[in-house]
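Peer 1: model this:
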Amino acid sequence: MKNKIISVVIPAFNEDQSIGKVVLDIDRELVNHVIVVNNNSTDNTVKVAIEAGAIVLDETRKGYGWACLKGIAECERLNTEIIVFLDGDYSDYPEEIKDVVAPILENDRDLVIGSRVLGKREKGSLTPQQVFGNWLATKLIRVFYRGKFTDLGPFRAMKFQSLQKLGMSDKTYGWTIEMQIKVLKHKMSYSEVPVNYKKRIGISKVSGTVKGTILAGIKIIFAVFKYLF
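Peer 2: Numbers count the residues shown, from 1 in each chain. Presented below is the predicted three-dimensional model:
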């Protein structure tokens, strides 16, 4: 594992209560670079992330995709070979990064999804609308693209060269599904590994609001049909 340059990208918007825990739980013997992309936070996210030892970048354009694209640009500068995406709310277990990157290192996979569906979830960690939306999206991917995914979870790893070939473009809620659909369309290899999931610290900016839930749902459905042609 030490032979590969591994970078972790963590988009963060007002996560000062959790971001330090996420960064500190990452195995720095495995991971070379931890990059927190501050997406217009108004709290102490930047200060806490820096104190925890992360590289901190600012992306003023609000949106999960914008933050990920900023992190990707930094990963390119750092000659990253494997990129890991992880949320900053401490709902994932950063120590499971080794499990998520293992199929890339051992079986030469292009993409690995950390599946919350296959792992153990703390009760209440996913809202009913998240569970349903996830089920619907993966069902549509199976029907239209023959992809065998169980989750759209943000905890994932990918070969950096493979990611660059995808030409990722979504700036907001459709980032994860765009990646999975484009991997299928490019006929890249992929797999899923079980990851555990717990209640996040703070309120979700997407599923925690009615507006966010509706917009995310619309975006996901739109993405399924957008890439068909």
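Peer 1: Would you state the strands of the chain in chain order?
Peer 2: Remark: strands assigned in the chain by DSSP state E are 6-12, 33-38, 55-58, 82-85, 111-115, 156-159, 190-194.
Peer 1: so which of these gets nearest residue 142?
Peer 2: strand 190-194 (13.1 Å; Cβ to Cβ). In this view, the C-beta of every residue, glycine as well, is placed from N, C-alpha and C.
Peer 1: As PDB, could you dump the C-alpha coordinates of the closest one?
Peer 2: Extracted in PDB, the C-alpha atoms of strand 190-194 (Å, rounded to 0.1, in the frame of the first residue of the first chain):
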ATOM      1  CA  TYR A 190     -15.800  -1.600 -10.100                       C
ATOM      2  CA  SER A 191     -16.700  -3.300  -6.900                       C
ATOM      3  CA  GLU A 192     -18.300  -2.600  -3.500                       C
ATOM      4  CA  VAL A 193     -17.100  -3.300   0.000                       C
ATOM      5  CA  PRO A 194     -19.200  -3.100   3.100                       C
END
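Peer 1: next one: that strand to chain centre, how far?
Peer 2: 14 Å (Cα atoms, centre = their mean, to the nearest Å).
Peer 1: Including mean neighbour count and mean pLDDT, could the strands of the chain go into CSV?
Peer 2: Listed next are those as CSV, based on neighbours: other Cβ atoms under 10 Å; pLDDT from 0 to 100:
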stretch, mean neighbour count, mean pLDDT
strand 6-12, 26, 98
strand 33-38, 25, 98
strand 55-58, 17, 98
strand 82-85, 26, 98
strand 111-115, 26, 98
strand 156-159, 25, 98
strand 190-194, 19, 98
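Peer 1: got TSV for these, with distance to residue 131 too?
Peer 2: Output for the strands of the chain, formatted as TSV (distance: least, Cβ to Cβ, whole Å):
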stretch	distance to residue 131
strand 6-12	22
strand 33-38	27
strand 55-58	32
strand 82-85	21
strand 111-115	13
strand 156-159	19
strand 190-194	16
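Peer 1: residue ranges with poor pLDDT in this structure?
Peer 2: The chain contains residues with pLDDT under 70 at 1-2, 204-213.
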